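got a sequence here, can you build the structure:
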Amino acid sequence: MASSFLLKPWCFSLAVLYFLASLCKSAESYSTATSCFINHNIYVRCQEAYRLSAEGEISVPPQAAEDFCGGPCLVETRLVLDCVERMLHGFEFYNGASVLDVRFSLATACSHTNSRGDFHVRPNQSAKVVPDDARFDDYNYDHGSKLSVVSVYLVGLLLLSLTVLLL
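Residues are numbered from 1 along each chain as shown. I've put the predicted structure just below:
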């Protein structure tokens, strides 16, 4: 009887600790994600002046939109965004923009509308309608947060632990 009494607080503490650890974004994960910006296997042919930075800026003048959008820079910038998202889902640039915000800016800047050539990345513009090619993979699946499944599992474990404690 005494051993089960001692086990309950440990089980609860472990569940809380595991849940909180899953929500943390470590500095190591962030630095791994930022290494995508200087990866020489991704950015190969795009001019350095036109490359996406960790600040969330794409410094392309409007008159260079044809070169950027029709050349290797657009493809390589999308590869960098894929790399960043693989390394750290939910990555946020220094200007507060998300990966989806940058994808939206690229799609807008390379579109054949009045906004063509406007590469200014604005945070929180992903709330607008995002072009299909900017958000989904080839099968139209948005992969979402991989942590959400773990978090739901841990919340269930936490509730189970609380139930055991109250019994």
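
just the helices in the chain please.
Counting by DSSP state H, the chain has helices at residues 2-23, 27-34, 65-70, 72-87, 99-109, 132-135, 147-166.

comparing those, which yields the minimum mean pLDDT?
Among the helices of the chain, helix 132-135 carries the lowest mean pLDDT, a mean of 49.

end-to-end on stretch 55-66?
For stretch 55-66, the first-to-last residue distance is 23 Å (C-alpha to C-alpha, to the nearest Å).

which residues does it contact?
With contact meaning C-beta atoms under 8 Å, 6 or more residues apart in numbering, stretch 55-66 is reached by 49-53, 68, 73, 77, 93-97, 101-102, 105-106, 109-110, 116-119, 121, 123. No exception for glycine: its C-beta is placed from N, CA and C like everyone else's.

ok, now with 10 Å
Under the criterion C-beta atoms under 10 Å, 6 or more residues apart in numbering, residues 37, 47-53, 67-69, 71, 73-74, 77, 92-99, 101-102, 105-106, 109-111, 116-123 lie in contact with stretch 55-66.

could you flag which of those are buried?
Among these, those classed as buried by 16 or more other C-beta atoms under 10 Å are 37, 50-52, 67-69, 73-74, 77, 92-93, 97-99, 101-102, 105-106, 109-110, 117-119, 121-122.

D82 contacts L52, correct?
No. Counting by C-beta atoms under 10 Å, L52 is not a contact partner of D82; they are 11.9 Å apart.

so what sits against both of the two?
C36.

which residue packs closest to N124, ignoring adjacent ones?
The spatial neighbour of N124 that comes closest, neighbours along the chain excluded (C-beta to C-beta, 6 or more residues apart in numbering), is D101 at 6.8 Å.
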